[in-house]
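Peer 1: pasted the sequence and its predicted model underneath.
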Amino acid sequence: MDLFTHSWLPYFYLYGLGAVFFFSGVYLVWKTKSLDMDKPHHRKWMKILFLGYGWFMAIHAILTFLALK
């Protein structure tokens with residue numbers, strides 16, 4: 001059994017395709033002027049969104065790595 005195609009390839013697909021949709025959604029919100037980065041609560045929620053995406057990506061990678069070890 002090839003570990004890459006059964007573990008890491010789905011991981012890269014999940015977060016790669018997810019990043020395309022996530023960043024295109026953020027771009028759409030930014031382009032339609034729905035996002036005002038001058039407002040503190042808008043900046044706070046953008047940080048939460050980006051850090052949340054990174055957090056789940058990191059946790060998933062760590063758990064995948066530990067499962068394969």
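Peer 2: Received it, and whenever you're ready, just let me know what you need.

Peer 1: buried ones in the helix or strand where residue 25 lies?
Peer 2: Per DSSP states H and E: residue 25 is located in helix 9-31. Across helix 9-31, burial judged by 16 or more other Cβ atoms under 10 Å covers residue 15. No exception for glycine: its C-beta is placed from N, CA and C like everyone else's.

Peer 1: give me the nearest residue to residue 57, chain neighbours excluded.
Peer 2: Among residues not flanking residue 57 along the chain, residue 15 sits closest, at 5.2 Å (Cβ to Cβ, 6 or more residues apart in numbering).

Peer 1: for the helix ranked longest in the chain, which residues meet the burial criterion?
Peer 2: Using DSSP state H, we find that the single longest helix of the chain is helix 40-68. Residues residue 53 are the ones in helix 40-68 that count as buried (16+ other Cβ under 10 Å).

Peer 1: let me know the average pLDDT across it.
Peer 2: Averaged across helix 40-68, pLDDT comes to 96.

Peer 1: ok now it, how far from the chain's centre?
Peer 2: 6 Å (Cα atoms, centre = their mean, to the nearest Å).

Peer 1: for stretch 29-38, same thing?
Peer 2: Distance, centroid of stretch 29-38 to centroid of chain: 20 Å (Cα atoms, centre = their mean).

Peer 1: residues making contact with it?
Peer 2: 26, 42, 43, 46 (Cβ atoms under 8 Å, 6 or more residues apart in numbering).

Peer 1: which two among those residues are spaced furthest apart?
Peer 2: Spanning the widest gap among the contacts of stretch 29-38 are 26 and 43, at 13.0 Å by Cβ to Cβ.
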